[in-house]
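Student: Compute the structure for the input listed below.
(2 chains)
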Number of protein chains: 2
Amino acid sequence: MDKNNNFCVIMSGGIGSRFWPISRTSYPKQFLDFFGTGRSLLQQTFDRFNKIIPTENIIIVTNQKYEALILEQLPEINKTQILLEPTRRNTAPCIAWATYHILAKNPKANIVVAPSDHLILNEDDFLRIVQDGLNFVSENDNLLTLGIKPNRPETGYGYIQVDNKIDNKLYKVKTFTEKPELDLAKVFVESGEFYWNSGLFLWNVQSITKAINEHLPDIAIKLKSDKYNTVDEQSFIDESFPLCSNISIDFGLMEKADNVYVMLGEFGWSDLGTWSSLYDLSEKDSEKNVVLEGKSILYNSQNNIISLPKDKLVVVDGLDGYLIAQNDDVLLICKKDDEHTIRKFVNDAQVKYGDKFI
Amino acid sequence: MDKNNNFCVIMSGGIGSRFWPISRTSYPKQFLDFFGTGRSLLQQTFDRFNKIIPTENIIIVTNQKYEALILEQLPEINKTQILLEPTRRNTAPCIAWATYHILAKNPKANIVVAPSDHLILNEDDFLRIVQDGLNFVSENDNLLTLGIKPNRPETGYGYIQVDNKIDNKLYKVKTFTEKPELDLAKVFVESGEFYWNSGLFLWNVQSITKAINEHLPDIAIKLKSDKYNTVDEQSFIDESFPLCSNISIDFGLMEKADNVYVMLGEFGWSDLGTWSSLYDLSEKDSEKNVVLEGKSILYNSQNNIISLPKDKLVVVDGLDGYLIAQNDDVLLICKKDDEHTIRKFVNDAQVKYGDKFI
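Tutor: Numbers count the residues shown, from 1 in each chain, chains lettered A, B, ... in the order given. Next up, the predicted model:
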């Protein structure tokens, strides 16, 4: 397999509202360095793939307003490697554009599609399975997703049920399921047939083009063009992209296609979807508090997660299980496990004060 | 009585640590406008007395580091009306200096001494009693304090026990008592013999000079001088004031003198000593939350008091009875009624981070 045929698409257009107010529309989650490593989640994602994918084959799809941030955080890449969506859609239009863009550059491309804001702790294991996946899709016209063996009945993830075993870690996919209720999640985990859907996809450019044609014909009609890889690509996208429907690749394509496979891996993966998941992954003090950033003095306080600007001090007395998060001009204090309501907070703040605090 | 003999001494050197972090050493409580009236507590105190005392007879005693703040907040007064303590002492040295300063200007002076950070809701009633008090001390060589009829067994105030009744609102003082425990405070209130010690004192300059001589001889020796009202006053004070012992006028003088009287008044007084007292006095929303400043969206939250910078938003879900206070780079979250521990917080913050957050 020619390494130069391998491409990576990093989806980096999210606004990370579940991490508001640390994640703000002007500076969302993927651009933040939650663990104080010195590299943002996007930068970590880039660094990771750059070990096996040529730099010039790494494509970032994002919103137009994040262009400057991307260029600042990833000076290694060329401006032409950033695909700037004129409007927020979902993953299906995003992936369709990236597909047509890469197809025009290299019809033999093998592609790994990845979110920009996930955590991967065991990088070697991860890269090994991505490499195996790229090998698989370079030789097979199938769609591949990476599945994670669940270690708890997580209700925040989608699950993949496996069908026939192809080899030790490769299975045909039977069904995709949405985020389950706890009871169902427990059944899933006990059955041994269900794996977490990591949101990482691999395919060759021909098979994903074919699958888009077949399962997302509306998007295919709107985005197919001879303008890709020409100076007219962006203006074409600015016109056509907003016409695409807001639909996810999971719902619009993966759940419908019959040539979907899952490769199983264990590489310390988390989608960092919630403050609780961040809490679980972070180092705790003796009272089980996590202080991500900021200075703190805590009394009679346990099980909290705190993030303030570096130079600020917070003194807390008598809180158990809370999230205390401040960024710029917004302070949020709520039960750590009530984080599914953060979207409601964001919404209410917008209704009350406009975009000022969003 | 010649109005020009009436002087007011406003004590404005406190650091307001019980309101940390809203009150900071660099900008303490008396300079803040807690109720959004447009005037700080100091300015309100000045405005109030200025209605019955000539502007040039209002003396502010403060710490050297607050000179600029005083001049900024009270442009009406002359720099010579500000007495700048070179070091923090207690009320006895402060009042002794003001006494000698005024004595050198006007040996017939009648003086009302007042803290700069108290709240007085019924200004007319207050000024009437101050005027009556000034009349009394202009004609009698007695020391007078203003007593407040208690409406609850407050443990945060000192109490005055009355002795012989002189007239409807004037009594000889029997004893001063320190802040009592709750059980004792209840007995005090039920007895009808005890009144809150407001910390407001009235006397003529001769009788307080005599009392200082008698009860605070150490301070009298250190501060008596012919330098007052000359260009050498400040340099004399810079040398002598730090040698004075740290002692309150209550403990060092009022509790010892036998010519102390109390004038009773009801004028909506609070020493604004704690966040709880501020909470009690403030307007509440339907869930009994007080938001002094800052923007807020509250869910499932009751009985809280919140103060943030005006342009900041706080979102709170699930807190009952807390104080949430932020100023500059410090955020404090604690039980509203645990405020007696704020001094501990300040202390611990200083031990841990030096003066940065104090």
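Student: And the helices in chain A?
Tutor: With DSSP state H as the criterion, chain A has helices at A:41-50, A:67-73, A:91-105, A:123-139, A:182-191, A:205-215, A:217-223, A:233-240, A:249, A:275-281, A:342-353.
Student: could you dump the ones you listed to CSV with distance to chain B, mean pLDDT and mean neighbour count?
Tutor: All C-beta atoms are positioned from the backbone trio N, CA, C, and that covers glycine. Shown next, in CSV, are these (distance: least, CB to the nearest CB, whole Å; pLDDT from 0 to 100; neighbours: other CB atoms under 10 Å in any protein chain shown):
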stretch, distance to chain B, mean pLDDT, mean neighbour count
helix A:41-50, 24, 97, 21
helix A:67-73, 23, 96, 16
helix A:91-105, 29, 97, 23
helix A:123-139, 36, 96, 18
helix A:182-191, 21, 94, 14
helix A:205-215, 40, 98, 19
helix A:217-223, 37, 97, 17
helix A:233-240, 34, 96, 16
helix A:249, 33, 95, 26
helix A:275-281, 13, 88, 19
helix A:342-353, 5, 92, 16
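Student: Arrange the ones you listed in JSON lines, one row each, with distance to A:Tyr159 as further columns.
Tutor: Listed next are these as JSON lines, based on distance: least, CB to CB, whole Å:
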{"stretch": "helix A:41-50", "distance to A:Tyr159": "23"}
{"stretch": "helix A:67-73", "distance to A:Tyr159": "32"}
{"stretch": "helix A:91-105", "distance to A:Tyr159": "18"}
{"stretch": "helix A:123-139", "distance to A:Tyr159": "19"}
{"stretch": "helix A:182-191", "distance to A:Tyr159": "5"}
{"stretch": "helix A:205-215", "distance to A:Tyr159": "21"}
{"stretch": "helix A:217-223", "distance to A:Tyr159": "26"}
{"stretch": "helix A:233-240", "distance to A:Tyr159": "34"}
{"stretch": "helix A:249", "distance to A:Tyr159": "16"}
{"stretch": "helix A:275-281", "distance to A:Tyr159": "16"}
{"stretch": "helix A:342-353", "distance to A:Tyr159": "22"}
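Student: List of residues touching stretch A:233-247?
Tutor: Residues outside stretch A:233-247 that contact it (CB atoms under 8 Å, 6 or more residues apart in numbering or on different chains) are A:83-87, A:89-90, A:92-93, A:96-97, A:101, A:216, A:218-219, A:222-223, A:225, A:227.
Student: Endpoints of that stretch, how far apart?
Tutor: By CA to CA, to the nearest Å, the extent of stretch A:233-247 from end to end equals 22 Å.
Student: Now do the same contact list for the closest residue to A:Ile111 other than its chain neighbours.
Tutor: Using CB to CB, 6 or more residues apart in numbering or on different chains and skipping the chain neighbours, the partner closest in space to A:Ile111 is A:Phe7 (4.7 Å). Listed by CB under 8 Å, 6+ apart, the contact set of A:Phe7 reads A:Ile53, A:Asn57, A:Ile58, A:Ile59, A:Ile102, A:Asn106, A:Ala109, A:Asn110, A:Ile111, A:Val112, A:Val205.
Student: ok, of these, which one's closest to B:Asp328?
Tutor: A:Ile58 (42.0 Å; CB to CB).
Student: Look through the stretch 51-200 of chain A and state the residue closest to chain B.
Tutor: Closest residue of the stretch 51-200 of chain A to chain B, CB to the nearest CB: A:Gly156 (19.0 Å).
Student: my guess is that residue contacts A:Gly273, does it?
Tutor: Yes - here A:Gly156 lies in contact with A:Gly273, judged by CB atoms under 8 Å, at a distance of 5.3 Å.
Student: can you list residues touching both of these two?
Tutor: Residues touching both A:Gly156 and A:Gly273 (CB under 8 Å, 6+ apart): none.
Student: before we move on, back to that, how far away is the residue of the stretch 51-200 of chain A closest to chain B from A:Trp20?
Tutor: Counting by CB to CB, to the nearest Å, the gap from A:Gly156 to A:Trp20 is 17 Å.
Student: So for these two, which residue has more residues nearby?
Tutor: A:Trp20 (24 against 17; other CB atoms under 10 Å in any protein chain shown).
Student: Quick check on that one: phi, psi?
Tutor: Dihedral pair for A:Trp20: phi -60, psi 140, per degrees, to the nearest 10.
Student: doesn't A:Lys344 make contact with it?
Tutor: No - using CB under 8 Å, A:Trp20 makes no contact with A:Lys344, being 10.6 Å away.
Student: hang on, A:Val130 packs against A:Ile111?
Tutor: No - counting by CB under 8 Å, no contact exists between A:Val130 and A:Ile111, whose distance comes to 11.1 Å.
Student: what residue lies at the spatial centre of chain A?
Tutor: For chain A, the residue nearest the mean C-alpha position is A:Pro115 (2.7 Å; CA atoms, centre = their mean).
Student: Now for that one: which residues touch it?
Tutor: A:Ile10, A:Met11, A:Gly14, A:Thr45, A:Gly199, A:Leu200, A:Asp271.
Student: Quick check: nearest residue in space to A:Leu121, chain neighbours excluded?
Tutor: With CB to CB, 6+ apart, the residue lying closest to A:Leu121 is A:Gly268, at 2.7 Å.
Student: which stretches of the stretch 251-358 of chain A aren't confidently modelled?
Tutor: Along the stretch 251-358 of chain A, the parts satisfying pLDDT under 70 run over A:339.
Student: tell me which parts of it are close to chain B?
Tutor: Residues of the stretch 251-358 of chain A lying close to chain B (CB under 8 Å from any CB of the partner chain) are A:295, A:297, A:299, A:308, A:311-319, A:322, A:324, A:326, A:329-335, A:338, A:341, A:345, A:348-349, A:352-353, A:356-357.
Student: And these, which of them are buried?
Tutor: A:295, A:297, A:299, A:308, A:312-317, A:319, A:322, A:324, A:326, A:329-335, A:338, A:341, A:345, A:349, A:357 (16 or more other CB atoms under 10 Å in any protein chain shown).
Student: Tell me if I'm right that A:Ile342 and A:Ile22 touch.
Tutor: No - applying CB under 8 Å, one finds A:Ile342 not in contact with A:Ile22, separated by 10.5 Å.
Student: How many neighbouring residues does A:Ser26 have?
Tutor: Counted with other CB under 10 Å, residues neighbouring A:Ser26 total 13.
Student: Chain neighbours aside, what residue packs nearest to it?
Tutor: A:Lys65 is the one closest to A:Ser26 (CB to CB, 6+ apart), at 7.7 Å.
Student: A:Leu83 too?
Tutor: Using CB to CB, 6+ apart, the closest residue to A:Leu83 is A:Val61 (4.4 Å).
Student: circling back to that earlier point, what residues are shared contacts of A:Val130 and A:Ile111?
Tutor: A:Leu202.
Student: residues in contact with the closest residue in space to A:Trp269 that isn't next to it in sequence?
Tutor: Nearest residue to A:Trp269 in three dimensions, chain neighbours excluded: A:Ile148, at 5.1 Å (CB to CB, 6+ apart). Counting by CB under 8 Å, 6+ apart, A:Ile148 makes contact with A:Tyr195, A:Trp196, A:Ser198, A:Leu264, A:Gly265, A:Glu266, A:Phe267, A:Trp269.
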